[in-house]
Structure formats: structure tokens, C-alpha cells
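Colleague: My questions are about this predicted structure, shown below with the sequence.
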Amino acid sequence: MTTLRLRIVFDGAMVGPGKAALLGHIAQCGSIAAAGRQMGMSYKRAWMLVEEMNAAFRDPVVTSARGGPGGGGAQLTPTGAEVLRIYLAILDSARAASADQIAMLEALLKPSVPGDMSGGK
């Protein structure tokens, strides 16, 4: 299956498929730790990515509350929801704009060899 992965690199900041997925999981489960677990990511790595995004944007993208008797949690801020929405819209536009060219590249590929697990590496 062919996929298009898009990373947007700004001066000193980056948004790509991993950070977008993390934002989506945080929105779904209300927890940075649980979002990281769903992605097979350590709690520390998930927190580091959230901190990077919070530092990069004018307003935080995620807010969180410490756990305890009442429980903790995390949620996307309006800015975080907008970052995710815009990133996904850019990705959809890129897919639509490049579909014909990607199909041309696919036509030039060798047929897959059974058992070839190199993944192009």
C-alpha cells in the first residue's frame, strides 16, 4: 500500500504524522499517557512531543491536569484542535494533488517479491 507522509518544517518547529497522531489520540482518550500507549510510545516521549508543540505555537496545543484522587487528564486546546484540523486538511490536499504522479511512480516500481521485508531500506 502506498502512503503519503508529510512533515511541515518551520523555522525551529515541525509538525508531521507522529505529532498529528498524538494530538488525535489525546483528543480521543483525554490523556497524554494513554495516547502514547496507543501509539507504542513512552510516556516521556509523548510528554516531550507535547512540550515541543506547546513551545512552538503562540498558544498551547494541549492542557493537562495532574493525576490524583480526582484523576488527571489532558485535552486539546482550541489551538491544538485547529493545528490538527489544518494539518489533516493539508495532507488531504497533498494526496489529491499528487495522486496522478504517485500512480505514475507506482507503475515504475518492480513487482513486490514475496518475503522481501526490507521496506525499501
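Modeller: The structure has been received and is ready for your questions. Residues are numbered from 1 along each chain as shown.
Colleague: What is the biggest helix by length in the chain packed up against?
Modeller: Taking residue count as the measure and DSSP state H as the definition, the longest helix of the chain comes out as helix 78-108. Using 3 or more C-beta pairs under 8 Å, 6 or more residues apart in numbering; DSSP states H and E, the elements in contact with helix 78-108 are helix 17-29. Where C-beta positions appear, they are placed from N, C-alpha and C, glycine not excepted.
Colleague: on that earlier part again, so how far is the longest helix of the chain from its chain's centroid?
Modeller: With C-alpha atoms, centre = their mean, to the nearest Å as the basis, the distance from the averaged C-alpha position of helix 78-108 to the chain average is 13 Å.
Colleague: again with stretch 26-33
Modeller: Worked out by C-alpha atoms, centre = their mean, stretch 26-33 lies 13 Å from the chain centre.
Colleague: Mind listing what's buried along that stretch?
Modeller: 26, 27, 29, 30, 31, 32, 33 (16 or more other C-beta atoms under 10 Å).
Colleague: Pull the CA coordinates from it and hand them back as CSV.
Modeller: Coordinates of the C-alpha atoms in stretch 26-33 are reproduced here as CSV (Å, rounded to 0.1, in the frame of the first residue of the first chain):
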residue,chain,number,x,y,z
ILE,A,26,-5.1,12.9,23.1
ALA,A,27,-8.4,14.2,21.8
GLN,A,28,-9.9,10.7,21.8
CYS,A,29,-8.7,9.4,25.1
GLY,A,30,-8.1,12.6,27.2
SER,A,31,-4.7,11.5,28.4
ILE,A,32,-1.1,12.1,27.2
ALA,A,33,0.0,8.8,28.8
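Colleague: and that stretch, average pLDDT?
Modeller: The average pLDDT within stretch 26-33 is 95.
Colleague: still on that earlier bit, wait, which of the buried residues of stretch 26-33 is closest to residue 86?
Modeller: Top of the list for closeness to residue 86, among those and by C-beta to C-beta, is residue 27 at 14.4 Å.
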